[in-house]
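Participant: A structural model of the following input is requested.
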Amino acid sequence: MGLWKTKLKWQTEYSADSVEWCPVQGYTDVLVCGTYQLDKAEEGNKEGKQNRLGRIYLFVVKADTTELSPLHSIDTAGILDQKWCYHKLNNHPVLGVVTADGFIEVHRLVDNDGVLTLELWLKESVGEDVLALSLDWSTNKTFSDHPYLVVSDSGGNVMVLQVEDDCLRIIGKWKAHNFEAWISAFNYWNDNLFYSGGDDCVFKAYDQRVAEAVAINRTHGAGVTTIRCHTDNEHQLLSGSYDEYVRLWDLRQLKRSVSEQDVTGGVWRLKWHPQHSGTIVAACMYGGFRLLRHTDVLHVVSEYLEHESIAYGVDWNYDQSCLVATCSFYDCKLHIAEVVLDR
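Facilitator: The predicted structure is shown next:
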């Protein structure tokens with residue numbers, strides 16, 4: 001049935017919108033939670049832009065952990081998305097972060113005699129007067145000392161950058177959408193290929209060697225908010241939308257989806273299970289969280305409704321495969337839940 005059992009809870013000071021478990025072996029008990037908060041001290045200020053505050057919290061969650069408490073935190077601009085590189089760079093696990101002041105930041109996870117902290121390593125602007133909205137690494141399937149990052153922004157742009165020894169080098173920039181480009185994601189089987197989704201309800205496929213989109217799909221009934229390529233099946237990709245549907249695609253034919261499922265809530269994030277390839281967890285905004293399975297078609301297995309606000313962040317633990325981290329916005333909650341999966 002996919003029963004959920006809440007194990008741990010923690011109250012974040014700012015509104016919580018992103019959770020990501022580290023996938024690097026030896027660090028899979030490391031969890032980050034990203035937050036976003038309008039500066040209340042500036043409310044009513046009509047002269048300038050409102051300041052968007054953020055904070056990254058760093059946790060270690062072991063099988064015997066009984067209470068959540070952050071090891072470290074970093075104050076930043078508001079966090080919109082975070083992703084770990086799937087392998088170490090320069091001997092460190094690294095976390096990519098996009099912020100409300102239009103930057104992409106890469107933080108190193110540093111281990112000083114067993115004390116873990118995050119340290120800013122690289123930073124690059126994605127544009128003036130834009131929010132950086134999402135990012136993805138090219139490394140979820142393959143190793144690279146100089147991986148790519150794809151970043152989307154509130155101006156409808158998508159940018160590809162490459163990690164060099166001491167900088168982020170801009171490879172290319174595409175005007176992808178008429179409104180916010182909510183999501184960007186790589187094809188993990190071919191790092192030349194990436195995808196984007198926007199508030200204009202359009203889903204696009206790109207080849208970074210080509211100036212224009214190589215495929216355009218207008219199936220979604222509202223803004224496209226999340227895209228996730230499969231690491232076990234070369235041709236499978238998920239998308240989610242404000243239209244409350246999760247869609248499964250065959251990348252060889254993007255004219256129509258293979259399967260779609262109404263999840264009764266705008267879909268903000270989708271994550272494939274790291275070991276059970278047909279299992280998916282979805283953050284469904286006002287609809288809470290859903291567990292889905294794909295057999296011949298997508299179907300909802302169970303739901304998790306213990307959060308009291310917008311369900312934004314969700315991720316599977318890579319080793320403790322029954323653990324899911326979830327977070328929600330205005331109630332400022334981070335949960336760790338155990339999900340019993342039917343074999």
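Participant: pLDDT on the host helix or strand of residue 81, on average?
Facilitator: Secondary structure assignment for residue 81, by DSSP states H and E: strand 79-84. The pLDDT scores in strand 79-84 average 98.
Participant: what about the protein, any weak spots by pLDDT?
Facilitator: Counting by pLDDT under 70, the chain has low-confidence residues at 1-2, 41-49, 343.
Participant: any idea which element the residue nearest to residue 182 when sequence neighbours are not counted lies in?
Facilitator: Distances taken as CB to CB, 6 or more residues apart in numbering place residue 225 nearest to residue 182, at 4.6 Å, with adjacent residues excluded. Backbone N, C-alpha and C define where each C-beta goes, glycine included. According to DSSP H and E, residue 225 maps onto strand 224-229.
Participant: After that strand, which helix or strand is next?
Facilitator: Next along from strand 224-229, by DSSP H and E: strand 236-241.
Participant: What pairs with the strand holding residue 225, parallel or antiparallel?
Facilitator: Sheet pairing for strand 224-229, assigned by DSSP bridges, gives strand 236-241 (antiparallel).
Participant: Could you give the separation of the next helix or strand after the strand it pairs with from the chain centroid?
Facilitator: Per DSSP H and E, strand 236-241 leads on to strand 245-250 as the next helix or strand towards the C-terminus. Put simply, strand 245-250 sits 17 Å off its chain's centre (CA atoms, centre = their mean, to the nearest Å).
Participant: Which strands and helices lie in contact with strand 245-250?
Facilitator: Applying 3 or more CB pairs under 8 Å, 6 or more residues apart in numbering; DSSP states H and E, one finds that strand 245-250 contacts strand 236-241, strand 259-262.
Participant: now the residue nearest to residue 182: how far from residue 203?
Facilitator: 11 Å (CB to CB, to the nearest Å).
Participant: which neighbours do the two share?
Facilitator: residue 197 (CB atoms under 8 Å, 6 or more residues apart in numbering).
Participant: And stretch 193-213, what's buried?
Facilitator: 193-206, 208, 213 (16 or more other CB atoms under 10 Å).
Participant: let me fix that: stretch 104-118
Facilitator: Buried residues in stretch 104-118, defined by neighbour count with 16+ other CB under 10 Å: 104-109, 116, 118.
Participant: Which of these sits closest to residue 337?
Facilitator: The shortest approach to residue 337 among the buried residues of stretch 104-118 belongs to residue 116, at 23.2 Å (CB to CB).
Participant: hang on, that closest one is in a helix, isn't it?
Facilitator: No: the assignment for residue 116 is strand, going by DSSP: H, G, I helix; E, B strand; the rest coil, so no helix is present there.
Participant: Look up how far residue 95 lies from it.
Facilitator: Taking CB to CB as the measure, residue 116 falls 12 Å from residue 95.
Participant: ok, back up a step: which pair of the buried residues of stretch 193-213 spans the longest distance?
Facilitator: For the buried residues of stretch 193-213, and using CB to CB, no pair is farther apart than 201 and 208, which are 23.6 Å apart.
Participant: what about the strands in the stretch 1-150 of the chain?
Facilitator: 3-11, 15-21, 30-38, 52-60, 72-77, 79-84, 94-99, 103-112, 115-125, 132-137, 148-153 (DSSP state E, counting those that start in this stretch).
Participant: Between its first and last residues, how far does stretch 322-331 reach?
Facilitator: For stretch 322-331, the first-to-last residue distance is 25 Å (CA to CA, to the nearest Å).
Participant: Please state the offset of that stretch from the chain centre?
Facilitator: 13 Å.
Participant: Would you mark the buried spots in it?
Facilitator: Buried residues in stretch 322-331 (16+ other CB under 10 Å): 323-329.
Participant: Looking at these, which are in strands?
Facilitator: Among these, the ones falling in strands (DSSP state E) are 323-328.
Participant: Redo those residues as CSV? Include distance to residue 290.
Facilitator: Below are those laid out as CSV (distance: CB to CB, whole Å):
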residue, distance to residue 290
323, 17
324, 11
325, 15
326, 11
327, 15
328, 14
